[in-house]
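S.K.: everything below, folded, please.
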Amino acid sequence: MVTSANAYVPRQAAMAWLRSPWAIAISSGVGIFIGIRLPQAATWIAPFGTVYLGLLKMCVLPMLLSAITNSLGRLMQSRDARQYVQRMAMVFPLSLLAVSAIAVAMAALAGPGRNLTGETLKTLGVLVNQSGIDLEMALSGPIPTDATGGVTTLVDSLVPDNIFAALSEGQTLKVLLFAMIFGVSLGLVKAPTTAALFDTLDSLYRAFNQIIHGLTYLLPLGLCSLLAGQLSQVGIGVLLSMVDFVGVAIATFALVYLICTLIIWRRSGTGLWSTLLALKDPTILSLATSSSLACLPAAITSLSGHLKFNPQTTHLVTPLAITLCRFGSVIYFASATLFVVQLYQRDLGLAGLGIVILGSILAGMATSGVTGILTLTMLGLVLDPLKLPLEAVLVLFIAIDPLMDPFRTLGIVHTGMAATALVADRET
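M.R.: Coordinates of the predicted model:
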């Protein structure tokens, strides 16, 4: 027994290390080296990255359907929630529009994807044409406009005429809308059997979450093969172009954090220093764990315990704001979309910017129950109506995700707390 126990500790440490930032950083470095110096070896290991990404995408729709249906259904069955539904129906959409518009404005003004070298644009153009999508374009010029794209494409992709076809074809936006309608309707059904259905949905979510948890141990290998395969075609120049995007994205998260802190401070009625101290724990946990669910108890404690918001409202609204609205993902998708638009020298106009703002909100909400780099696949929901390819740039966002994930989580948690503060009343 002693030998078995002694063997268990190193194995547990090794498994924990595979999920650490060090493993991600080392695997990224190895993938970059192989992609640049050993292109033949990169071709050999590239299929593993393709399979790994496919396994992650496999879990998206079941987790999305179960998480959103369960959250909204339980909300509608809560007696205490009825009086706050109207307030949430106003606060949540306006908050989502605000953070998405801020991210779009910041990226449009800073222009992280503009003024790249012609060689880098040509190299990325080669990758686009080799990515397996039916699209031919030169990155040194404007993208041809498709009359069937834009707002019409976005609207047509929302309403499912057959939910089973939408599930089988992976039409995420249609599944998202169905989950929201089905969740609200299920919550309005007054029958004992609905509790069992909610438990089934919760079990379904937990099962796929276990799959994702197991796949995270293979993330270093998957990231290494993805980076190697893509960089063997495009080189290191494209990866270096992400430096400006990282700076702009972090600045955007910092601005939204400041605005949300001021909102919580004004709504709480306490001193600014007391507010900052109350927000310290969820802020540190967000950056340290990169898990919004892990930060949920600290967020509730800060709002109800330290800032004296109504506990019942806080316990009800905070989980919904964090799990459904996903403000941090909305901010990130809006910034990332503008980066890709600028990379391809696309002139959007006001209608195009509106599509980015609305599409980022829908894509962010579609990440409910999704964690890690699986979140990044939802970027296609914004890029598809704009006729821009996700495959050509996905690996770039995967490469910087270990750095951006903590800030994205902070945006989810902190902005969700601000939305809760706008909905909840202070205790008297």
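S.K.: hey, let's count contacts and neighbours off CA atoms from now on
M.R.: OK.
S.K.: ok, Ile322 to Ser292 distance?
M.R.: 7 Å (Cα to Cα, to the nearest Å).
S.K.: after the one helix or strand Ala14 maps to, next one along is what?
M.R.: Counting by DSSP states H and E, the element that carries Ala14 is helix 2-18. With elements assigned by DSSP H and E, the helix or strand that comes after helix 2-18 is helix 21-37.
S.K.: in that following helix, what's buried?
M.R.: Residues of helix 21-37 classed as buried: 23-25, 27-36 (neighbour count, 16 or more other Cα atoms under 10 Å).
S.K.: any weak-confidence spans in the stretch 101-250 of the chain?
M.R.: 115-158, 170-173, 230-231, 233-241 (pLDDT under 70).
S.K.: that one: helices as residue ranges?
M.R.: 118-129, 151-156, 163-169, 172-188, 193-215, 219-234, 237-240, 242-268 (DSSP state H, counting those that start in this stretch).
S.K.: okay, now Val243: neighbour count?
M.R.: By other Cα atoms under 10 Å, the residues close to Val243 number 12.
S.K.: please disregard the earlier target; I meant Arg11.
M.R.: Applying the criterion other Cα under 10 Å, we find 11 residues in the vicinity of Arg11.
S.K.: and it, how far from His213?
M.R.: 17 Å.
S.K.: thinking again about what came up before, deepest-packed of the helices of the stretch 101-250 of the chain, please.
M.R.: Of the helices of the stretch 101-250 of the chain, the one with the most neighbours on average (mean count of other Cα atoms under 10 Å) is helix 219-234, at a mean of 26.
S.K.: tilt between it and helix 193-215?
M.R.: For helix 219-234 against helix 193-215, the angle by axes from the mean of the first three to the mean of the last three Cα atoms, to 10 degrees is 60 degrees.
S.K.: before we move on, back to that, shared neighbours, Ile322 and Ser292?
M.R.: Residues within reach of Ile322 and of Ser292 at once, by Cα atoms under 8 Å, 6 or more residues apart in numbering, are 412-413.
S.K.: next, format the helices of the stretch 101-250 of the chain as CSV and append distance to Val91.
M.R.: Formatted as CSV, the helices of the stretch 101-250 of the chain follow (distance: least, Cα to Cα, whole Å):
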stretch, distance to Val91
helix 118-129, 40
helix 151-156, 23
helix 163-169, 29
helix 172-188, 17
helix 193-215, 26
helix 219-234, 37
helix 237-240, 38
helix 242-268, 13
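S.K.: contacting residues around Arg79?
M.R.: Counted by Cα under 8 Å, 6+ apart, Arg79 has zero contacts.
S.K.: over to it. Which of the three states is it?
M.R.: Secondary structure assignment for Arg79 (DSSP: H, G, I helix; E, B strand; the rest coil): coil.
S.K.: on that earlier part again, for the helices of the stretch 101-250 of the chain, which one sits closest to Leu381?
M.R.: The closest of these to Leu381 is helix 172-188. By Cα to Cα, the value is 7.3 Å.
S.K.: remind me what the closest one packs against, helices and strands.
M.R.: helix 60-76, helix 163-169 (3 or more Cα pairs under 8 Å, 6 or more residues apart in numbering; DSSP states H and E).
S.K.: centre of the chain to that helix, how far?
M.R.: How far helix 172-188 lies from its chain's middle: 19 Å, per Cα atoms, centre = their mean, to the nearest Å.
S.K.: leaving out the residues flanking it, which one is nearest to Ala298?
M.R.: Closest residue in space to Ala298, ignoring its immediate chain neighbours: Pro282 at 5.4 Å, by Cα to Cα, 6 or more residues apart in numbering.
S.K.: which helix or strand lies directly C-terminal to the helix or strand harbouring Leu358?
M.R.: Using DSSP H and E, Leu358 falls within helix 349-365. For helix 349-365, the following helix or strand on the C-terminal side (DSSP H and E) is helix 380-383.
S.K.: Val256 against Ala101, yeah?
M.R.: No. Applying Cα atoms under 8 Å as the test, Val256 and Ala101 come out as separate, 11.0 Å apart.
S.K.: low pLDDT regions in the stretch 301-428 of the chain?
M.R.: Filtered on pLDDT under 70, the stretch 301-428 of the chain yields the residue ranges 312, 369-374, 392, 427-428.
S.K.: quick one: contacts of stretch 218-232?
M.R.: By Cα under 8 Å, 6+ apart, stretch 218-232 touches 18-19, 23-24, 27-36, 38-39, 42-43, 45-50, 52-53, 127, 395, 398-399.
S.K.: how about the strands in the stretch 301-428 of the chain?
M.R.: Ranges of strands in the stretch 301-428 of the chain, per DSSP state E, counting those that start in this stretch: none exist.
S.K.: please enumerate the helices of it.
M.R.: Under DSSP H, counting those that start in this stretch, the stretch 301-428 of the chain gives helices at 311-320, 327-343, 349-365, 380-383, 391-423.
S.K.: so for Arg206, which of these sits nearest?
M.R.: helix 311-320 (16.6 Å).
S.K.: what helices or strands is that closest one leaning on?
M.R.: Using 3+ Cα pairs under 8 Å, 6+ apart: helix 311-320 touches helix 292-300, helix 391-423.
S.K.: got the angle between that helix and helix 60-76?
M.R.: 160 degrees.
S.K.: show me which residues of helix 311-320 are buried.
M.R.: Across helix 311-320, burial judged by 16+ other Cα under 10 Å covers 311, 313-320.
S.K.: list the buried residues of stretch 418-428.
M.R.: Neighbour counts over stretch 418-428 (16+ other Cα under 10 Å) mark 418-426 as buried.
S.K.: how about stretch 39-52?
M.R.: Within stretch 39-52, judged by 16+ other Cα under 10 Å, the buried ones are 39, 42-43, 45-46, 48-49, 52.
S.K.: sort out for me which of the residues you listed are in helices.
M.R.: 39, 42-43, 45-46, 48-49, 52 (DSSP state H).
S.K.: hey, C-alpha coordinates of stretch 96-112 in CSV?
M.R.: What follows is stretch 96-112, C-alpha atoms only, in CSV (Å, rounded to 0.1, in the frame of the first residue of the first chain):
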residue,chain,number,x,y,z
LEU,A,96,-24.6,43.4,-23.1
LEU,A,97,-25.0,46.1,-25.7
ALA,A,98,-22.9,48.5,-23.7
VAL,A,99,-19.9,46.2,-23.2
SER,A,100,-20.0,45.0,-26.8
ALA,A,101,-20.2,48.6,-28.1
ILE,A,102,-17.2,49.6,-25.9
ALA,A,103,-15.1,46.8,-27.2
VAL,A,104,-16.0,47.6,-30.8
ALA,A,105,-15.2,51.3,-30.3
MET,A,106,-11.8,50.5,-28.6
ALA,A,107,-10.7,48.1,-31.4
ALA,A,108,-11.9,50.5,-34.1
LEU,A,109,-10.0,53.4,-32.6
ALA,A,110,-6.8,51.4,-31.8
GLY,A,111,-6.7,49.3,-34.9
PRO,A,112,-4.7,46.3,-33.8
